[in-house]
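Asks: Let's see this in three dimensions:
(chains A and B)
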Amino acid sequence: MKNEFLTVAEASARIEAGDVMTVAGDSALLEQLPAGKWIGGSSVYFVTETGGAVVRDKVFCTTFEDVADAEVRALGADELADISKGYKAGGFTVMLIPAFSSTHTTFAQEAPNMGALFAQPLVGWISGVHLDELGTAKPMVFDGGNAAAVEDGAVCLHIALPAGAKVSTDIVNIFKQGHDTSTTFTFQQTGFTVQTAVVDGKEVNFAQYLTENNIDTRLPLVANYAGALVNVSVQAVDTENGSVALYAPVMPGVEYQLAAPLTDYAGTFAANLGDSGVGQYSCNCILNYLYGELEGKSTGTFTGPVTFGEIAYILLNQTLVKLDVQAA
Amino acid sequence: MSVPGPAQLEQILLSSSDLSSASLATRITVGRLRTEVSSDPSSLSAKIAELSEFATANDFAAADLANI
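Replies: All right, here's what the predicted structure looks like:
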């Protein structure tokens, strides 16, 4: 697997030569790429070898080398249950979805219950835009098979590996439960917007609770899925309307705790990532980029797009997703 | 890879232990099933069956659960 920034001309030549790739970049660049075995998503923020950076003149390409087979598929929000039908034996799938689309919402709410999704590694991310262009530019994904932009849908790159090759995926979450281990949060309904939470068994208005308790909303709510720590990040607190917007839906019945604060965001990332990132596929969250002030700061050897949500089977927030392929 | 029996799967679902050595897929699946059992204890048998089905369909999950 090879990660690199390429010009549009260089990426086009690789695609025309038959390379199998995921591509991240400014939509204006992705629109210029020819049809081939690739999928793409809009992102202008990246983690590079020298630190976080905004890049708008090149695209970030991950080339999957030595694959046995690859297929590009585009799915609508109502077809997400069929993602695993494209899985190739012994392989993996990369999937991209535009932020704020109905597909984003549907995937976030339904993926945990799609048992077949978990049969092999499913990774990917939610495409975004430059933060100065929120509301004016649209996050997009690209179906490279048809060189077509998709505003609402999922694009999948299903990959088969040669016999004997191995693939694994995991997440790096620098947050731990434990800001206040005695305080737990549960929610009675799923959704990206919540009004009420049950805090230590008592129902409260969640916006009011966060405000009155001076909660640092840069810290996510953290759920523990049998050792996998899954974040839900706060987008906005609207005390006037008594609602809290989230970057991923809370799930009913799941017990959340507020994350423990970090003193050195970038340093914690670097310490958790180690030196194993070269040759791995990865993506990291825009909130880590912003709150960790990662622009210009190196966080180790993992490079990739900075995204509006991460996918490792389910939708994640404030998390780095990584995928590694070991040749036979 | 043989799938653990119902008694062992029940123990896994009723426990709150971290399955740190298990694959991410298994951890998320077990985490979700534990939540569902906690919210509705009468669903335990159905969730044991669902976990057994997951392990039967996926060798990596059977290995994960057998090694707990």
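
Asks: and B:Gly31, that one's in a helix?
Replies: Yes. Applying DSSP: H, G, I helix; E, B strand; the rest coil, one finds B:Gly31 inside a helix.

Asks: Kindly confirm whether my reading is correct that it touches A:Met251.
Replies: No. Contact criterion Cβ atoms under 8 Å: B:Gly31 and A:Met251 do not qualify, at 10.0 Å. All C-beta atoms are positioned from the backbone trio N, CA, C, and that covers glycine.

Asks: what residues do these two have in common as contacts?
Replies: When Cβ atoms under 8 Å, 6 or more residues apart in numbering or on different chains defines a contact, the residues bordering B:Gly31 and A:Met251 alike are A:Ala223.

Asks: Which strand or helix spans residue 36?
Replies: All of this refers to chain A. In the assignment (DSSP states H and E), A:Gly36 maps to no helix and no strand.

Asks: oops, I was thinking of chain B
Replies: Going by DSSP H and E, B:Glu36 is part of helix B:24-39.

Asks: So which bits of the next helix or strand after that helix are buried?
Replies: Going down the chain from helix B:24-39, the next helix or strand is helix B:44-57, by DSSP H and E. Using 16 or more other Cβ atoms under 10 Å in any protein chain shown as the test for burial, helix B:44-57 gives B:Leu44, B:Lys47, B:Ile48, B:Glu50, B:Leu51, B:Ser52, B:Phe54, B:Ala55.

Asks: Please apply the same query to stretch A:164-182.
Replies: Result for stretch A:164-182 [16+ other Cβ under 10 Å]: buried residues A:Ala165, A:Val167, A:Thr169, A:Asp170, A:Ile171, A:Val172, A:Asn173, A:Ile174, A:Phe175, A:Gln177, A:His179.

Asks: do the helix holding B:Glu36 and chain A meet?
Replies: Yes. Helix B:24-39 comes into contact with chain A (Cβ under 8 Å from any Cβ of the partner chain), by way of B:24-32, B:34-36, B:38-39.

Asks: filter the residues you listed to the buried ones?
Replies: Buried by 16+ other Cβ under 10 Å: B:Leu24, B:Ala25, B:Thr26, B:Arg27, B:Ile28, B:Thr29, B:Val30, B:Gly31, B:Arg32, B:Arg34, B:Thr35, B:Glu36, out of the residues of helix B:24-39 next to chain A.

Asks: Can you lay out those as a markdown table showing pLDDT?
Replies: Below are these laid out as a markdown table (pLDDT from 0 to 100):
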| residue | pLDDT |
| --- | --- |
| B:Leu24 | 98 |
| B:Ala25 | 98 |
| B:Thr26 | 98 |
| B:Arg27 | 98 |
| B:Ile28 | 98 |
| B:Thr29 | 98 |
| B:Val30 | 98 |
| B:Gly31 | 97 |
| B:Arg32 | 97 |
| B:Arg34 | 97 |
| B:Thr35 | 96 |
| B:Glu36 | 96 |
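
Asks: Setting aside sequence-adjacent positions, which residue approaches the residue in the stretch 101-250 of chain A positioned nearest to chain B most closely?
Replies: Here the residue of the stretch 101-250 of chain A nearest chain B is A:Tyr225; by Cβ to the nearest Cβ that distance is 2.6 Å. In this structure, A:Tyr225 finds its nearest non-sequential neighbour in B:Gly31, 2.6 Å apart by Cβ to Cβ, 6 or more residues apart in numbering or on different chains.

Asks: Provide a list of residues in contact with the one you found.
Replies: By Cβ under 8 Å, 6+ apart, the contact list for B:Gly31 reads A:Ala223, A:Asn224, A:Tyr225, A:Ala226, A:Gly227, A:Ala228, A:Val230.

Asks: Switch these over to a markdown table; also include secondary structure and pLDDT.
Replies: Below are the contacts of B:Gly31 laid out as a markdown table (DSSP: H, G, I helix; E, B strand; the rest coil; pLDDT from 0 to 100):
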| residue | secondary structure | pLDDT |
| --- | --- | --- |
| A:Ala223 | strand | 96 |
| A:Asn224 | strand | 96 |
| A:Tyr225 | strand | 96 |
| A:Ala226 | coil | 96 |
| A:Gly227 | coil | 95 |
| A:Ala228 | strand | 97 |
| A:Val230 | strand | 97 |
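
Asks: out of the residues you listed, who has the most neighbours?
Replies: Counting neighbours by other Cβ atoms under 10 Å in any protein chain shown, the top entry in these is A:Ala228, with 28 neighbours.

Asks: give me every residue that touches it.
Replies: Taking Cβ under 8 Å, 6+ apart, one finds A:Ile171, B:Leu24, B:Arg27, B:Ile28, B:Gly31 in contact with A:Ala228.

Asks: closest to A:Asn317 among those?
Replies: A:Asn317 lies nearest to A:Ile171 out of these, by Cβ to Cβ, at 10.9 Å.

Asks: Tell me if I'm right that that closest one and A:Leu323 touch.
Replies: No. Look at A:Ile171 against A:Leu323 with Cβ under 8 Å: they stay out of range, at 10.4 Å.

Asks: which secondary element of chain A has the worst mean pLDDT?
Replies: helix A:265-273 (a mean of 84; mean pLDDT, DSSP states H and E).

Asks: List the contacts of that helix.
Replies: By Cβ under 8 Å, 6+ apart, helix A:265-273 touches A:172, A:174, A:262, A:288, A:291-294, A:297-302, A:320.

Asks: These: which two are farthest apart?
Replies: Going by Cβ to Cβ, the pair spanning those furthest: A:Tyr291 and A:Thr301, at 21.6 Å.
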